[in-house]
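> pasted the sequence and its predicted model underneath.
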2 protein chains.
Amino acid sequence: MPEFRKDPLVERWVIIASERAKRPRDTPERDSNAALGGCPFCVGNERMTPPPVLVLADDNVQPDEANWLVRVVPNKYPALIDQAVWDARTGAPYSSMEGAGAHEVVIESPRHVINMAALSVTEIELVLHAYRRRLLFWRGAGRWRYALIYKNQGVEAGATLAHGHSQITALPMVPKEALEEIEAGKKYFASAGRCAYCDMALRESEIGARVVAENDRFIVFCPFASRVAGETWVVPKRHLSCFESGSKEDFLALARSLRETLIRLNRRFYEPPFNYFLHNNPLSEPANDYYHWHLEILPRRQQFAGFELGSGCYMNPLAPEEAARLLRDAVL
Amino acid sequence: MPEFRKDPLVERWVIIASERAKRPRDTPERDSNAALGGCPFCVGNERMTPPPVLVLADDNVQPDEANWLVRVVPNKYPALIDQAVWDARTGAPYSSMEGAGAHEVVIESPRHVINMAALSVTEIELVLHAYRRRLLFWRGAGRWRYALIYKNQGVEAGATLAHGHSQITALPMVPKEALEEIEAGKKYFASAGRCAYCDMALRESEIGARVVAENDRFIVFCPFASRVAGETWVVPKRHLSCFESGSKEDFLALARSLRETLIRLNRRFYEPPFNYFLHNNPLSEPANDYYHWHLEILPRRQQFAGFELGSGCYMNPLAPEEAARLLRDAVL
C-alpha cells in the first residue's frame, strides 16, 4: 500500500510507493518490449494492462479491443489507491496517510508512436477529450480534491515506457505547485478585480517578444521567469478556470496549438525530452473568476542540479525572449 | 550580464544566465578533456581557470601552483556577478534584477578524482575547511544574504565537468528552500522552546529505523519524507546554526561521516550520481537557537518527472526505513 508522508517541518509531500520499483522499463533508447512485440500499450496487448476505465474510438463506432484510438487504464504500478483512506496514521512530529487517490494512464494511440508530435490533430484532440472525460468523472466522484494530468516523454523526462502516454493522478489534497498559483490568483483578483492569467495573456500579446504563436483561442508563450531553456505555456485567451468546461471548438484549437508547439520544440531543441502538466482548477472548487487553467511544457535538455534542489531557484541558460524567437521562426 | 527574474505570480526565482550555455562539457561518460590532458581543474592547468580566491595546502607549506590541495576559483561561467546591483529594473507585473551575487568553484583535489568517496578523510576535511573559509569571507563581506554550497556528481546530477568539485553561490536573498526551513524552525522554537532539528536528531536516534550511522558528533539518517531513493542527511547532534562555527574536531568528524556515507551509497546504490547541499544559517543572520545547519544528500537514480514538477510532491519508490537498512548494513 503506498503511503503519503509529510515532512515534519516544511510543506513537502512525498508518496512512498514501493510497488513502483517493480514497473518494467522500456525506453526509446532500449525499446526492447516493442521489438519483442511485448509493449503493454500496443494494440493487441490489451491483456497486459488492467481493464480500461475509458475507451475512445471513431464517432460512429462502438469501441472494442480492435478499434480503440485512446484507452485509459488504471496504472498497474500505482502511486495512489482509490480504496485507501485519507487519515493520519502516525503521531507527531511524523504524519503519514495511506496513499489515497487514483493513478491512471492515458494510452494516446494504439500504434507505437513515441513522439507526440507525430500524432495527427484528430488523434491529439481525442487525447484531450480523454483528459476531459476523466476530469469530469473525478469531479463527479467527489472523493479527491485535485487531479494532476501530466506527460513524460523521453528517459530524461522520467518516462519508463516509450509508447506515448500521459498520466492522471487524483489527489486527496491540492498540491503545493497548484495551491501557490491559486492563492496568488485569488490575491491578484482581490486587488485588481481581474484574473492574473487573463492579464498575463493580454500583456504577453502586447509585448510580443515572448510569444511563440497566437490564434483566436490560445496564446503560446515562453514565460517571463522560464525555469528551463524552451519552457512554453499554452494559455486559453478566454477566462476558463476548468479545462473540462472547454467547448468542442476549444479542444480542436488546443489540439492544433499543442501539436504545432511540439513540432516547433522538436525543430529547435532537437526532439527534446519534455514534461508537460495541466494546471487546472481543483476538483473540489466550483468555476471561479480568479483561476485560469493552462498547460506548462518543460523541455528537459538540462538536469536539475544541486542549486535547484537546494535553493528552489532555477538557473536557465536561455532567455525566454531568445527561446520564443527560435520557436516562432521554426519552419513547420 | 546574468539576470534574476521573479515569476509574476508565485514565489519562483530564476537566474537567466546565457553565459552558462558556453561552458565546456566534460563528463565521466565522455571525459575527453582529461584524456587530452586539458581538464581545467587538474594540477598544471591552473591558467585555465580565473585566479583563485583561496588556495589550501599542507599545514606547514606556503601554497603555490605546484603543491595546492584545494583551490577555490570564481566560476568562469558565472550565474551571478559580485559587481552587479540588486535593484528592480523592470515594472509590474514583471520584475527583474541584475544577477547580483557570487559564484565560485571548489576544486576538491589536484588529481582527477571523479568520485568524492575516493578522497581520503584528510582531503575531504580540507574541502570542508575551504567551505568554512569562504562562508566566513562572505559573512564578513556583508553584501549578500545567503550562501548555498552544493555539489553535483555525475551527469544525471547535472555535473558538466568530471573532476571533483563543488560550488558556492552567494545570493542576494534567502532562497525559498532555505527560507521555508528557517520559518518552520522559528515557529517550532516559538511553540516548543527547542530546536526542531535537535529534536529530530534525538527522535531519529530513539526510533533507530532510519539511522544509517551515528557517532558522538553527527547522526546520519534517511529522512522520514525522503524525496528520492537513498536520500540521506548528515546532521550535527550539537545545536549549531552556522556550519562555519564548527570546531576543528567537528570538521574532522564530519569528513569521516561524509566519506563513510558516500562509500555506503556507492556500495548499495551502484555509485549513484548525486547532489548534496548545505543548508546553513543565512549570512545576514546571527547565530540563533532555532536554526541548525545540516547536509542533504540526494542520489539521482530516478528522474524528476511531470508529477514532481507539476505538483511539488515527490514519488519515491524506496521507503527510507528500507534505504537506511541497506546503507546501515553496507560492508565498508
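Arrived safely, thanks for sending.
> pLDDT wise, what is A:Arg30 at?
We note a pLDDT of 53 for A:Arg30 in this prediction.
> just A:Thr27 next, same as before
53.
> residue contacts, the closest residue to A:Met173 other than its chain neighbours?
The shortest distance from A:Met173 to any residue that is not its chain neighbour, by CB to CB, 6 or more residues apart in numbering or on different chains, is 5.6 Å, and that residue is A:Arg145. Placement of C-beta: from N, CA and C, glycine included. If a contact means CB atoms under 8 Å, 6 or more residues apart in numbering or on different chains, then A:Arg145 has A:171-174, A:282-284 as its contacts.
> make a PyMOL selection of the buried ones in the residues you listed.
The buried residues among those can be selected in PyMOL (16 or more other CB atoms under 10 Å in any protein chain shown) with this line:
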select buried, chain A and resi 171+172+173+174+282+283
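> quick one, domains of chain A?
Listed domain ranges for chain A are A:3-173, A:177-328 (source: automatic domain parsing).
> now, which of the contacts of A:Arg145 sits nearest chain B?
Relative to chain B, the closest of the contacts of A:Arg145 is A:Leu171; by CB to the nearest CB it sits at 7.3 Å.
> wait, that closest one touches A:Gly101, no?
Yes - A:Leu171 is in contact with A:Gly101 according to CB atoms under 8 Å; the separation is 5.0 Å.
> so what sits against both of those two?
By the contact definition CB under 8 Å, 6+ apart, A:Leu171 and A:Gly101 are jointly contacted by A:80, A:144.
> how about the residues of the stretch 201-332 of chain A by chain B?
Contacts of the stretch 201-332 of chain A with chain B, taken as CB under 8 Å from any CB of the partner chain, map to A:203, A:223-227, A:275-279, A:296, A:298, A:300, A:302-307, A:309-320, A:322.
> which of the residues you listed fall in strands?
Helix and strand membership here follows DSSP state E; of those, those in strands are A:275-279, A:296, A:298, A:314-316.
> in CSV, list the residues you listed along with distance to B:Glu260 and pLDDT.
As requested, these are arranged in CSV below (distance: CB to CB, whole Å; pLDDT from 0 to 100):
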residue, distance to B:Glu260, pLDDT
A:Asn275, 36, 98
A:Tyr276, 41, 98
A:Phe277, 39, 98
A:Leu278, 44, 98
A:His279, 43, 98
A:Glu296, 41, 98
A:Leu298, 37, 98
A:Tyr314, 32, 97
A:Met315, 31, 96
A:Asn316, 36, 96
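> wait, which of these is closest to B:Arg256?
Proximity of these to B:Arg256 was ranked by CB to CB; the top entry is A:Met315 with 32.3 Å.
> gap between the closest one and B:Ala130?
Taking CB to CB, to the nearest Å as the measure, A:Met315 falls 22 Å from B:Ala130.
> and what of A:Pro24?
45 Å.
> the more surrounded of the two?
Neighbours per residue (other CB atoms under 10 Å in any protein chain shown) separate A:Pro24 from B:Ala130, with B:Ala130 holding more: 24 against 14.
> the more buried one belongs to a strand, doesn't it?
No - with DSSP: H, G, I helix; E, B strand; the rest coil as the criterion, B:Ala130 is assigned helix and is not in a strand.
> can you tell me how far it is from B:Gly140?
For B:Ala130 relative to B:Gly140 (CB to CB), the value is 16 Å.
> where do the strands sit along the stretch 1-150 of chain A?
Listed in chain order, the strands of the stretch 1-150 of chain A (DSSP state E, counting those that start in this stretch) span A:3-6, A:13-16, A:54-56, A:70-74, A:95-98, A:102-107, A:146-153.
> hmm, the last one touching chain B?
Right, the one you point to is strand A:146-153. Yes - applying CB under 8 Å from any CB, one finds that strand A:146-153 is in contact with chain B at A:148, A:150-152.
> which of those sits closest to A:Leu254?
Set against A:Leu254, the nearest of the residues of strand A:146-153 next to chain B by CB to CB is A:Lys151 (14.1 Å).
> endpoints of stretch A:3-23, how far apart?
Looking at stretch A:3-23, the gap from its leading to its trailing residue is 18 Å under the measure CA to CA, to the nearest Å.
> buried stuff in it?
Counting neighbours by 16+ other CB under 10 Å, the buried set in stretch A:3-23 is A:3-10, A:12-17, A:19-20.
> most widely separated two among those?
Distance extremes for those: the farthest pair is A:Leu9 and A:Glu19 at 27.7 Å, using CB to CB.
> burial count for the residue in the stretch 1-150 of chain A positioned nearest to chain B?
For the stretch 1-150 of chain A, the residue positioned closest to chain B under CB to the nearest CB is A:Tyr150, at a distance of 3.0 Å. For A:Tyr150, the number of neighbouring residues by other CB under 10 Å comes to 22.
> number of residues surrounding the residue lying closest to it once chain neighbours are set aside?
For A:Tyr150, ignoring the flanking residues on the chain, the nearest one in space by CB to CB, 6+ apart is B:Gly306 at 3.0 Å. B:Gly306 is flanked by 28 other residues according to other CB under 10 Å.
> report the contact partners of B:Gly306.
Contacts were defined as CB under 8 Å, 6+ apart; by that measure B:Gly306 touches A:150-152, A:157-158, A:167, A:275-277.
> cool, A:Glu11 as well?
A:176, B:180.
> dump the contacts of B:Gly306 to JSON lines, plus distance to B:Pro110.
Shown next, in JSON lines, are those (distance: CB to CB, whole Å):
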{"residue": "A:Tyr150", "distance to B:Pro110": "45"}
{"residue": "A:Lys151", "distance to B:Pro110": "46"}
{"residue": "A:Asn152", "distance to B:Pro110": "41"}
{"residue": "A:Ala157", "distance to B:Pro110": "38"}
{"residue": "A:Gly158", "distance to B:Pro110": "37"}
{"residue": "A:Gln167", "distance to B:Pro110": "47"}
{"residue": "A:Asn275", "distance to B:Pro110": "40"}
{"residue": "A:Tyr276", "distance to B:Pro110": "45"}
{"residue": "A:Phe277", "distance to B:Pro110": "45"}
